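Fold the following for me, if possible:
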Amino acid sequence: MQKKSLKFGRYDFASYSAFVMYSMCSLAIPLMIVAMGKSLNFPLDEGGMASGGVLHAARCAFMILSLLGCSFIAAKIGKRYSMGFSILFFGTGILLCALCPEYKYLFPCLILVGLGEGVCEGIATPFIQDMHLDEPERYVNIGHSFWSVGIGCAVIIIGGLLSLGVHWRIILGIIGILTLLSSLGFLLKENPAKRYPEVKEKINFSDILSQTKTIINKKRFWLCCLAMFFGAGAEFGLTFWSAAYIELTFQTSSFVAGLGTGAIAIGMFIGRAYFGYIAKPDNLRYILVCCAGATIPITVTLALLKYCNGTLPVYLIFIVLFLLLFIAGIGISPYWPTTQVYGVQNLPDCDSTLLYVYYSAMGIPGCGFFSWLMGAVGDRFGTTGTIAVVPCCLCIFLSIIFYECWLNKDKN
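Numbers count the residues shown, from 1 in each chain. Okay, here's the model as predicted:
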């Protein structure tokens, strides 16, 4: 059967801008943390890494808190306003971070950022799905590809401006202002002929509890949650540590190391856009299994590439390095959006918005846990050990998906 042509409207583009700015805000402070540490008296090279880590931990904690409550928020004010106000929250928080005179003032700003990002994380995917109920697997993957655009923009623009001597406050302030502007796509007055398809029936807290009880009694739900945990860990862990791996292993500049993260981002964008184009309900499991299986040897090779340092010309090592990162970006691209869509489509009697929220609530801890684990392993076994965590993570992800899709006899 021939696929329908893709059709995009105002809220598609608004959601794409939301993904870009959400991604940039998520990476902005980690990319600037060294410069911020020097300005705000927690230098990372003098014992300030723990202080920097606490900032991210506080942000994640409030992100998970708001993520778990975003269904109730969306039920009360609608998904369109939920998206718009969530972007206002984290845009304002990032803008205020640029104005902080001392380290301690970053915490209330990042709490605001975490609360906004949690709602955006939980609502963005069902926001897109509700516009395209006939083919959500295509549009969700395409929407998530713009997260990768944000990563690429953050790495290249922020890294480039910092290397040119632009102060981190100016960069962070510009990102905050651009984020606030992106909220207008959701909050400006609607065209009466092209309204966002809000769910008219407003659910209350008791409804959410009842639907949650139905969800948590499903074995398939927990299997998909496990897949989200490990898949998100592989995706974010590789993205988070790739620049440090390049800089420490190959003794290059932070800007060149950041380009490695950019190679992953380009691969993820192409992968999500392509998988979004070809995705159908009956081929989602094949996409997940094939991508995980193909990415395992790529990431193993990436981990072992350091042993070629000194035996091959430098230019050849970097060509291979960036090529591997690009291919790995394509390979890890479908884990988050496709696993979510697969889990929702195979639990049709459960509330889709709640499922997306709970899957994201499992993915975010996976990002944090494996980022920490890769660092801990790297402290003990070096940068090869850091990257080696990724293929190990993917082996578990592949096993879960294979069991769920082909061996699991209980389809509830």
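
could you point out where the stretch 1-150 of the chain is predicted with low confidence?
Residues of the stretch 1-150 of the chain that meet the criterion pLDDT under 70 lie in 1-4, 34, 43-54, 56-57.

Could you pull out the helices in it for me?
If you assign secondary structure with DSSP state H, counting those that start in this stretch, the helices in the stretch 1-150 of the chain sit at 10-39, 49-77, 79-97, 106-131, 136-153.

try the stretch 201-350 of the chain
Defined through DSSP H, counting those that start in this stretch, the helices belonging to the stretch 201-350 of the chain, from first to last, are 205-216, 219-250, 254-278, 284-304, 314-332, 335-345.

Which residues belonging to the last one are considered buried?
Going back to what we said before, that points to helix 335-345. Across helix 335-345, burial judged by 16 or more other Cβ atoms under 10 Å covers 335-344. C-beta coordinates here come from the backbone N, C-alpha and C atoms, glycine included.

What lies in contact with that helix?
Judged by Cβ atoms under 8 Å, 6 or more residues apart in numbering, the contacts made with helix 335-345 from elsewhere in the structure are 125, 129, 136-137, 140-141, 143-144, 220-221, 224, 227-228, 231-232, 234-235, 272, 275-276, 279, 281, 284-285, 287-288, 291-292, 350, 352, 355-356, 359-360, 363, 397, 401.

Buried among those? Need that as a selection in ChimeraX.
The following ChimeraX selection, which keeps only the buried ones among these, applies the criterion 16+ other Cβ under 10 Å:
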select :125,129,136,137,140,141,143,144,220,221,224,227,228,231,232,234,235,272,275,276,279,284,285,287,288,291,292,350,352,355,356,359,360,363,397,401
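
distance of I158 from L172?
Using Cβ to Cβ, to the nearest Å, one obtains 9 Å as the distance from I158 to L172.

residues shared between the contacts of the two?
Common neighbours of I158 and L172 (criterion: Cβ under 8 Å, 6+ apart): 28, 32.

right, and the helices of the stretch 1-150 of the chain - which one's nearest S163?
Smallest distance to S163 across these (Cβ to Cβ): 10.9 Å, for helix 10-39.

now for the helix or strand where Y359 lies, which elements pack on it?
Assigning secondary structure by DSSP states H and E places Y359 in helix 352-381. Counting contacts by 3 or more Cβ pairs under 8 Å, 6 or more residues apart in numbering; DSSP states H and E, helix 352-381 is packed against helix 49-77, helix 106-131, helix 205-216, helix 219-250, helix 335-345, helix 383-402.

Of the helices of the stretch 201-350 of the chain, flag the one that's most buried.
Across the helices of the stretch 201-350 of the chain, the average number of neighbours (mean count of other Cβ atoms under 10 Å) peaks for helix 335-345, which reaches a mean of 25.

angle of it against helix 106-131?
Angular relation of helix 335-345 and helix 106-131 on a 0 to 180 degree scale: 50 degrees, by axes from the mean of the first three to the mean of the last three Cα atoms, to 10 degrees.

can you pull the contacts of I330?
Contact criterion Cβ under 8 Å, 6+ apart gives 267-268, 270-271, 274, 291 as the residues in contact with I330.

Just the pLDDT at it, thanks.
Reported pLDDT at I330 in the predicted model: 94.

Distance check, it against I123.
Where I123 is concerned, I330 sits at a distance of 27 Å (Cβ to Cβ).

and what of L181?
For L181 relative to I123 (Cβ to Cβ), the value is 19 Å.

One more: T386?
The value you get for T386 to I123, if Cβ to Cβ is used, is 33 Å.

L106 now?
Distance from L106 to I123, counting by Cβ to Cβ: 26 Å.

just I157 next, same as before
Plainly put, I157 is 27 Å away from I123 if you go by Cβ to Cβ.

Between the two, tell me which one has more neighbours.
Between I157 and I123, I123 has the larger neighbour count (other Cβ atoms under 10 Å), namely 28 against 16.

OK, contacts around the more buried one?
With Cβ under 8 Å, 6+ apart as the criterion, the residues that contact I123 are 70, 74, 79, 82-83, 86, 353.

List the buried residues in the strand or helix carrying L161.
Of the helices and strands defined by DSSP H and E, L161 is found in helix 159-163. In terms of neighbour count (16+ other Cβ under 10 Å), helix 159-163 has its buried residues at 159, 161-162.

just how off-centre is that helix within its chain?
Helix 159-163 has its C-alpha centroid displaced from the chain centroid by 23 Å (Cα atoms, centre = their mean, to the nearest Å).

for the next helix or strand after it, packing partners?
Under the assignment DSSP H and E, the closest C-terminal helix or strand after helix 159-163 is helix 168-182. Under the contact criterion of 3+ Cβ pairs under 8 Å, 6+ apart, helix 168-182 touches helix 10-39, helix 79-97, helix 159-163.

S148 contacts F269, doesn't it?
Yes: using Cβ atoms under 8 Å as the test, S148 is close enough to F269 to be in contact (4.0 Å).

Common neighbours of these two, please.
Common neighbours of S148 and F269 (criterion: Cβ under 8 Å, 6+ apart): 329, 333.
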